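A.B. asks: turn this into a structure:
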Amino acid sequence: MEIILKSRIMLAAMLCAGMFMMIGCTTRLGDFTVISTKNVDVSGVKPGDRFSGEDCVSMLFGMIPMGEVNWKNAMDQALERGKGDVMVDVVLTAKGWVIPYIWGQQCMEIAGTVSQTASYRR
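C.D. replies: Model (predicted):
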């Protein structure tokens, strides 16, 4: 009888752990006007300097985000710094750190050459 009780408790604990591990979420990464992983001729774009932007969010107990990291905010920051409307040769990096059960931070950094198109210069 004791073995059956222990096995039921173990089964219940395993089911609870399995359900906890199946929790997930979905995050919208953004909207793209132009995006490519291939070399594209951008001869109509006025070249600029390299700039970067970053968007971060803190994590309570190292697990619970206190907002949503958004690469668009990071990109807007870089475009404003470079006074342009297009980024070329872009590198998007996700970074983060955690002090377990205390605090953490999740960041999205974008770096690239900020340029201006003909329509932006008008």
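A.B. asks: from here on, just use CA atoms for contacts and neighbour counts.
C.D. replies: Fine.
A.B. asks: okay, which residue is most central for the protein?
C.D. replies: Nearest to the geometric centre of the chain sits residue 108, at 4.6 Å (C-alpha atoms, centre = their mean).
A.B. asks: what's the helix or strand for the closest residue to it other than its chain neighbours?
C.D. replies: Nearest residue to residue 108 in three dimensions, chain neighbours excluded: residue 94, at 4.6 Å (C-alpha to C-alpha, 6 or more residues apart in numbering). For residue 94, the host element (DSSP states H and E) is strand 86-99.
A.B. asks: who does the next helix or strand after that strand touch, helix- and strand-wise?
C.D. replies: Sequence-wise, the next helix or strand downstream of strand 86-99 (DSSP H and E) is strand 103-115. Using 3 or more C-alpha pairs under 8 Å, 6 or more residues apart in numbering; DSSP states H and E, the elements in contact with strand 103-115 are strand 50-60, helix 71-82, strand 86-99.
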